[in-house]
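J.: sequence first, then the predicted structure, then my questions.
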Amino acid sequence: MNDTVIKDITINAPIQVVWSIVTKLDKWFAETANFELQPGRKGTIGWKEMGEAPIEVVTVDQPNTFAFLWVAPDEETKKVNGQTLVTLHLSEVNDGTKVSVEESGFSKLALTDDEKTELIGKHTEGWTYFVSQIQVAVKSVLND
């Protein structure tokens, strides 16, 4: 079973601008975010329809890596209180900044193989959407 979801996007913007967006999860990923950007800090992110999700900041290596553990607010993950690791890797490329979002740790969740496969599929769709939202948020900042 593939244990990792990876989604990439290249954004036509300087790495520092993209970093300033990806570390503010309420700008592109969640409706609310309450955490300090320091390794080991715990907090929450939330959505009106899905509720809150606990997170713990794991890595802050400006401007290249931001990672956090979270218990996604979907039913499968909540019922087992299972954490996965989300890592955002940023790198400078000729035409801007490449962002690679990687979510891993599905295999250790206390779910059946079928539930894990379904969950990975849902998260793959979700990250496709949310990665595009990073670009939308960056464009918004650049146009201000």
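T.: Happy to help now that I have it. Numbering: from 1, shown residues only.

J.: which residues in this structure form helices?
T.: Listed in chain order, the helices found in the chain under DSSP state H are 15-22, 75-80, 113-143.

J.: mean pLDDT added to those, as a markdown table?
T.: What follows is these, written out as a markdown table (pLDDT from 0 to 100):
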| stretch | mean pLDDT |
| --- | --- |
| helix 15-22 | 98 |
| helix 75-80 | 77 |
| helix 113-143 | 94 |
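
J.: show me the residue at the heart of the protein, geometrically.
T.: Most central in the chain under C-alpha atoms, centre = their mean is V86, positioned 5.1 Å from the mean C-alpha point.

J.: about what we covered before: to N2, which of the helices of the chain lies closest?
T.: helix 113-143 (6.7 Å; C-beta to C-beta). (C-beta placed from N, C-alpha, C; glycine too.)

J.: nearest residue to T87 in space, please, no chain neighbours.
T.: Leaving out its chain neighbours, the residue that sits closest to T87 by C-beta to C-beta, 6 or more residues apart in numbering is A67, at 4.1 Å.

J.: pretty sure that neighbour sits against Q83.
T.: No: if you go by C-beta atoms under 8 Å, A67 and Q83 don't touch, sitting 11.9 Å apart.
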